[in-house]
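Trainee: A structural model of the following input is requested.
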Amino acid sequence: MKCIIQGIIVVVLLLSSFDIGIGYIIRDEADGCDCKDIGTWSPGTLTCTLTGDVDDIIEIDADDITLDGNGYSATEIYVHENSGYIIENFVGALYISIVGLESHCDSGIIRGNVITGVEGSSIGLIDANNIEITDNTISHCTNNGISLSDGSNINITGNTMHDNKRGICCSGGSQYNNIIDNTIHDNNYCGIYCGDSQYNNIIGNIINDNPNGIYCEMNPHYNNIMSNVINNNSYGITVRFSRGNIISDNVIFNNSKGINLYKSYCNTINSNSISDNGYGIYMLGSNDDDGNNSIFCNNISYSGIYILNSKGNFFYHNNIVSSSIYENLKSGSNQWYMGTTGNHWGDYDETCESCVDSDDDGICDSPYDIPGGTSRDMYPMVCIDWRDEWMNANSDGGTKVTTVELQDAIHHWLEDKPIRCHVLSLADIQEVIAAWLLG
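Mentor: Residues are numbered from 1 along each chain as shown. As a prediction, this is how the structure comes out:
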């Protein structure tokens, strides 16, 4: 909501600027219109290259214009319903505003800028689409490094954002955007903020030393949060009032709370490495009244799991080692298994810990009681090892690999389909083939 309000204010300010006149206007005409007053114009490429700092607003007022800062600064760059532009190589306290109120802002590139010290947000996009924001360094802005409101198909890649209020703010119905391979650290509120947004991909970012690494609230849903490295934040990933998000394949460590779920439902949390956090998973008020959360195939170590007034959620096939568990429910329970598959508990996988596997099926004969509540893992696993599916004593062929098992293994390998939460490598499939040949 704060991002939306800020965007409205920006629009009002920008529209009011028409009353006093834009400082310099760049168009496809002789000398690039006002380009001659601030730089050099190349008519063949429609490029205006600055020859000094510009203490005023520059408006791009035609399609396919390139504005090359050439290492200089400007007060503001403004694009309204134009496309094909390139804004690059600016250095300094610059605000870039892209507005596509009639959904005509079809494409653009913002790249290679070093922006610092802006009062407010640095790059603000409203109703804009199909934009590449890449290889910029944005720091020390009092609000957001990059702010999206009601934008789509925007690729934010390879940027470095630090010491802003938020690194990236995605709100106001923004959807189908990609936030990939950025380095986001030391921002004052959060690294990435998602509010009222959906179908966004947050992948492969390095997010550290922010109070909140990734913060989703106010009905964001169906976002993919994958393959990020998130560490040294107070909150690694926070999801509030949100549904349908996928949080997978992240490395989350050294945070106060690794994944924090608050009154959220229908989210999938799987295949994350969660270690050395105060709480690996912290869940509050996330119930089955509106849909279940599924938490599976995560490696959780030296990180507590705390569940308060959250019921009807599924926890299964997780590898939980050296982590305290506490479940406090007013009513109901969560399910700590799926089918006949439970979790692996580091403190309950050996005979000396009362785990007896009399039929050698890899499952403890007695359930595992979840501390603090009435829930039980009915099928606690002795171990999690992909080899148990095809190569170990309790597989269909015993220690020999059958042809059917080999075919199944090859199928999993070709499609990157995990088995017992493990994706087979080339070396793994070679091991299965070797066992089949020797059988």
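Trainee: Check which element follows the helix or strand of the chain with the lowest mean pLDDT along the chain.
Mentor: Lowest on mean pLDDT, DSSP states H and E among the helices and strands of the chain sits helix 2-20, with a mean of 42. Per DSSP states H and E, helix 2-20 leads on to strand 24-26 as the next helix or strand towards the C-terminus.
Trainee: Which stretches in the stretch 301-439 of the chain count as helices?
Mentor: 403-414, 426-438 (DSSP state H, counting those that start in this stretch).
Trainee: Can you lay out those as JSON lines showing distance to residue 209 and mean neighbour count?
Mentor: Using the backbone N, CA and C atoms, a C-beta is placed for each residue, glycine as well. Listed next are these as JSON lines, based on distance: least, C-beta to C-beta, whole Å; neighbours: other C-beta atoms under 10 Å:
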{"stretch": "helix 403-414", "distance to residue 209": "38", "mean neighbour count": "16"}
{"stretch": "helix 426-438", "distance to residue 209": "36", "mean neighbour count": "14"}
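Trainee: Bridged to residue 239, which residues?
Mentor: residue 216, residue 261 (DSSP bridges).
Trainee: Neighbours of it, how many?
Mentor: Using other C-beta atoms under 10 Å, the number of residues around residue 239 comes to 29.
Trainee: Spit out the contact partners of it.
Mentor: By C-beta atoms under 8 Å, 6 or more residues apart in numbering, the contact list for residue 239 reads 216-217, 245, 247, 259-262, 264, 267.
Trainee: and if we set it to 10 Å?
Mentor: By C-beta atoms under 10 Å, 6 or more residues apart in numbering, the residues touching residue 239 are 194, 214-217, 220-221, 223, 225, 245, 247, 259-265, 267, 269, 283, 286, 293.
Trainee: Residue 361 now?
Mentor: Residue 361 neighbours (C-beta under 10 Å, 6+ apart): 340, 379, 381-382, 388, 393-394.
Trainee: Can I have the buried ones of these as a PyMOL selection?
Mentor: To isolate the buried ones among those in PyMOL, judged by 16 or more other C-beta atoms under 10 Å, type:
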select buried, resi 379+381+382+388
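Trainee: would you list the contacts of residue 361 in CSV and tack on pLDDT and distance to residue 162?
Mentor: Putting those into CSV (pLDDT from 0 to 100; distance: C-beta to C-beta, whole Å) gives the following:
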residue, pLDDT, distance to residue 162
340, 91, 48
379, 96, 46
381, 92, 42
382, 90, 46
388, 83, 45
393, 77, 53
394, 72, 51
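Trainee: quick one: which of the contacts of residue 361 is nearest residue 279?
Mentor: Nearest to residue 279 out of the contacts of residue 361 is residue 381 (C-beta to C-beta; 22.9 Å).
Trainee: How about residue 235, nearest residue that isn't a chain neighbour?
Mentor: Excluding the flanking residues, the one nearest residue 235 by C-beta to C-beta, 6 or more residues apart in numbering is residue 212, at 4.5 Å.
Trainee: Settle this for me: that neighbour is touching residue 232, isn't it.
Mentor: No: using C-beta atoms under 10 Å, residue 212 is not in contact with residue 232, being 11.9 Å away.
Trainee: any common contacting residues for those two?
Mentor: residue 255.
Trainee: Neighbour count for the two, which is higher?
Mentor: Higher neighbour count among residue 212 and residue 232: residue 212, with 23 against 16, using other C-beta under 10 Å.
Trainee: partner residues bridging the more buried one?
Mentor: Beta-bridge partners, per DSSP bridges, of residue 212: residue 190, residue 235.
Trainee: ok, now which ones touch it?
Mentor: 166, 187, 189-193, 233-238, 255, 257, 260 are the contacts of residue 212 under C-beta under 10 Å, 6+ apart.
Trainee: cool, residue 423 as well?
Mentor: 249, 271, 386, 412-413, 415-417.
Trainee: and of the residues you listed, the nearest to residue 145?
Mentor: When the contacts of residue 423 are compared against residue 145 (criterion: C-beta to C-beta), the nearest one is residue 249, at 24.6 Å.
Trainee: and the closest one, how far is that from residue 81?
Mentor: Using C-beta to C-beta, to the nearest Å, residue 249 is found at 39 Å from residue 81.
Trainee: ditto for residue 126
Mentor: Using C-beta to C-beta, which is the criterion applied here, residue 126 is 11 Å from residue 81.
Trainee: do the same with residue 382
Mentor: 63 Å.
Trainee: any low-confidence regions in the stretch 51-200 of the chain?
Mentor: By pLDDT under 70, the weakly predicted segments of the stretch 51-200 of the chain are 101-105.
Trainee: Understood, closing this out.
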